[in-house]
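Colleague: what's the 3D shape of this:
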Amino acid sequence: MGARRKARELALQMLFQYDMSGNPPDMVIATFEDLEKSKANTRDFATKIFRGTVDHMPKIDEMIQAQADNWRLSRMAVVDRNIIRMSIYEFLHEDDTPKLVIIDEAIEIAKKFGTQKSSQFINGILDGILKRYNLAS
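Modeller: As a prediction, the model looks like this:
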């Protein structure tokens, strides 16, 4: 597994913890042992995605809600919701990664951490976000 995939998985786990516990981001980072065990570049990218997603969450959630017509955020699976959130953060703020790579990574992570239907659901939402907000370029 590549360093960036590992970083995204760590970021997802921190977002899950943040979402479920409501603990401040600094506490989530400080108490996440797998992050400490990671290589510096993996740790840095995971932390960047986690903090960036949390910092931009109101706008990201607004974008998701606009795209997911029949789904309230609170009704989405926690894993799915947070994979979508971090992917949108990357769409908006990580210009060095192609958008389709971000979607592919999200799908692969969903297959590992989500349900059988997670990857299709996430793919549909992210594809719609790209089109709705004209981010595909």
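Colleague: mind checking the backbone torsions on G2?
Modeller: phi -70, psi 160 (degrees, to the nearest 10).
Colleague: List the contacts of it.
Modeller: Going by Cβ atoms under 8 Å, 6 or more residues apart in numbering, G2 touches no other residue. All C-beta spots, glycine's among them, are computed from the backbone N, C-alpha and C.
Colleague: ok, and the closest non-adjacent residue to A106?
Modeller: In space, and not counting its chain neighbours, A106 is closest to S87: 4.5 Å by Cβ to Cβ, 6 or more residues apart in numbering.
Colleague: What's the first helix or strand after the strand or helix carrying the one you found?
Modeller: Using DSSP states H and E, S87 sits in helix 78-93. Helices and strands here follow DSSP H and E; after helix 78-93, the next one along the chain is helix 99-113.
Colleague: Based on its surroundings, how many neighbours for the residue nearest to A106?
Modeller: 29 (other Cβ atoms under 10 Å).
Colleague: Please look at it and L100 and confirm they touch.
Modeller: No: taking Cβ atoms under 8 Å as the definition, S87 is not a contact partner of L100, at 11.3 Å.
Colleague: And the lowest-mean-pLDDT helix or strand in the chain, what does it pack against?
Modeller: Sorting the helices and strands of the chain by mean pLDDT, DSSP states H and E puts helix 33-36 at the bottom, at a mean of 94. For helix 33-36, the packing partners by 3 or more Cβ pairs under 8 Å, 6 or more residues apart in numbering; DSSP states H and E come out as helix 3-21, helix 40-55.
Colleague: then it to CSV, C-alphas only?
Modeller: Extracted C-alpha coordinates of helix 33-36, given in CSV (Å, rounded to 0.1, in the frame of the first residue of the first chain):
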residue,chain,number,x,y,z
GLU,A,33,-1.5,5.6,18.1
ASP,A,34,-1.5,4.4,14.5
LEU,A,35,-0.6,8.0,13.4
GLU,A,36,2.4,8.0,15.7
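Colleague: show me where pLDDT drops low in this protein?
Modeller: Applying pLDDT under 70 to the chain flags the ranges 137.
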